[in-house]
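Peer 1: coordinates only, sequence not included:
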């Protein structure tokens, strides 16, 4: 006897929906895991009605750069706690970096991490495969991944690839999209030697300076152009890089992170190691340049580079203090606050945090409120005031550099593949997201509408 699977139906009514065409006061029907209809007929039978009067409905945020530390460094974060923080923050899909212990540098390790995530993640997930000087065959055979991550400059871990021959081989012989941490290693080492390794947090921005970022980004873009290979510049931190990005040639995309948008070297006196990052925070003029590049399209994506450490680790004197900060829990709210302040629009936030990352990484069914797309959705209240507090953070590290800041604008409900996983900061820890899917024949951001 055959059985028919009956999927639940939820109607979200009276929200201002941020559609690809703009904001519209329109109802959205979720059926099972999918957006079944935009503006369904009034007689449509449903199991639940959500009255979202006064709220905005946006696609789930896609954070394409996180470090959830699993496996190997789970005292800082793990896939479960990181995904809880993501769900609270309106992030419904994350893409995680390969510099874990062990590193994700083989297809076997990639598949192991995907299997682990299936048992732990409240939201949807994906993982990059990391490049080394000698794993091109692994990179060529990898599937089930958004792309290849290269560390063109050392950061956390041991995945440095700065030899020109190795970089030429990766760009010429692989086909997956490539992304990279761009800081020129020779420049960083020379600056460190000149400063005797550095003695203050301000020295961090002198060691990892503007030139280090500019040289490495220029070098990577040259590789992409010569080999006709799609390339995504992670965590742009300087005005110099935003000028380079004008020459994208339909191949290069880029992203900015909240810490580079909101913090600069003046904040070291107040926050010390809490804003020590790789690449380092720069000057106020660089903050302004990044916002300008987002506004005119030279930078397409906002992602967090969520990289938690314990407060005990961060409290060490420089240069023993590690670089990195947690942000996935607050990134959307930080941008909604900028909407309130008039710096950007809700449509721009959705473009930067939802639509663009889905297009950059060829993600299937993500990034838009559109019929047939996955029901990854977030209701946001643009008028809700709230104060970020360390004690309320779901990240295992239990701190935020924005502790004590009051924001206007907040995610209040999060659906992942049609399941309501968070209501007013209360996350269903038993929920499970799904592995992100990719179609790399789409050709990336510049090839899609």
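Peer 2: Yep, it's here. Since the model is a prediction, treat every value here as computed from it, not as a measurement.

Peer 1: which ones are touching the nearest residue to residue 311 once chain neighbours are set aside?
Peer 2: Among residues not flanking residue 311 along the chain, residue 399 sits closest, at 5.5 Å (CB to CB, 6 or more residues apart in numbering). Placement of C-beta: from N, CA and C, glycine included. Residue 399 makes contacts with 274, 311, 326, 390, 393, as judged by CB atoms under 8 Å, 6 or more residues apart in numbering.

Peer 1: Apply the buried test to these and list what passes.
Peer 2: 274, 326, 393 (16 or more other CB atoms under 10 Å).

Peer 1: Between the residues you listed, which sits nearest residue 256?
Peer 2: For these, the minimum distance to residue 256 (CB to CB) is 17.3 Å, reached by residue 326.

Peer 1: Next one: that closest one from residue 61, what distance?
Peer 2: Residue 326 sits 15 Å away from residue 61, taking CB to CB, to the nearest Å as the criterion.

Peer 1: Check residue 206 too.
Peer 2: Taken as CB to CB, the span from residue 206 to residue 61 is 34 Å.

Peer 1: For these two, work out which one has more neighbours and name it.
Peer 2: Using other CB atoms under 10 Å, the more surrounded residue of residue 206 and residue 61 is residue 61, with 31 against 16.

Peer 1: Test of understanding: give the bridge partners of the more buried one.
Peer 2: On DSSP bridges, the residues paired with residue 61 through beta bridges are residue 91.

Peer 1: Would you mind listing the residues in contact with it?
Peer 2: Residue 61 touches 89, 90, 91, 92, 93, 331, 332, 353, 354, 378, counting by CB under 8 Å, 6+ apart.

Peer 1: between those residues, which is closest to residue 440?
Peer 2: Nearest member of the contacts of residue 61 to residue 440, counting by CB to CB, is residue 93, at 16.7 Å.

Peer 1: helices or strands next to the host helix or strand of the closest one in the packing?
Peer 2: Residue 93 belongs to strand 91-96 when assigned by DSSP states H and E. Where contact means 3 or more CB pairs under 8 Å, 6 or more residues apart in numbering; DSSP states H and E, strand 91-96 is packed against strand 61-66, helix 79-88, strand 124-127, strand 406-416.

Peer 1: If we go by neighbour counts, what in the helix or strand just after it is buried?
Peer 2: Next along the chain after strand 91-96, taking DSSP H and E as the criterion, comes helix 107-120. Along helix 107-120, these residues count as buried under the neighbour rule (16+ other CB under 10 Å): 107, 109, 110, 111, 113, 114, 116, 117, 120.

Peer 1: still on that earlier bit, nearest to residue 185, of the contacts of residue 61?
Peer 2: For those, the nearest to residue 185 is residue 331 (28.5 Å; CB to CB).

Peer 1: State the three-state secondary structure for the nearest residue to that closest one once chain neighbours are set aside.
Peer 2: For residue 331, ignoring the flanking residues on the chain, the nearest one in space by CB to CB, 6+ apart is residue 304 at 4.9 Å. At residue 304, secondary structure determined by DSSP: H, G, I helix; E, B strand; the rest coil is coil.

Peer 1: Hmm, residue 304 is touching residue 68, no?
Peer 2: No. With contact defined as CB atoms under 8 Å, residue 304 and residue 68 do not form a contacting pair (11.3 Å).

Peer 1: hmm, back to that, what does the strand holding residue 93 rub up against?
Peer 2: Contacts for strand 91-96 (CB under 8 Å, 6+ apart): 60-68, 79, 82-83, 86, 113, 123-128, 146, 328, 331-332, 357, 361, 363, 366, 376-378, 414-416, 433, 436.

Peer 1: Can you pull the poorly scored residue ranges out of this protein?
Peer 2: The chain contains residues with pLDDT under 70 at 1-6, 153-158.

Peer 1: Pick out the residue closest to the middle of it.
Peer 2: The C-alpha lying nearest the average C-alpha coordinate of the chain belongs to residue 63 (CA atoms, centre = their mean; 2.5 Å).

Peer 1: residue boundaries of the strands in the stretch 251-400 of the chain?
Peer 2: Here the stretch 251-400 of the chain has its strands, by DSSP state E, counting those that start in this stretch, at 252-256, 301-302, 377-387.

Peer 1: That's all I had, so thanks and see you.
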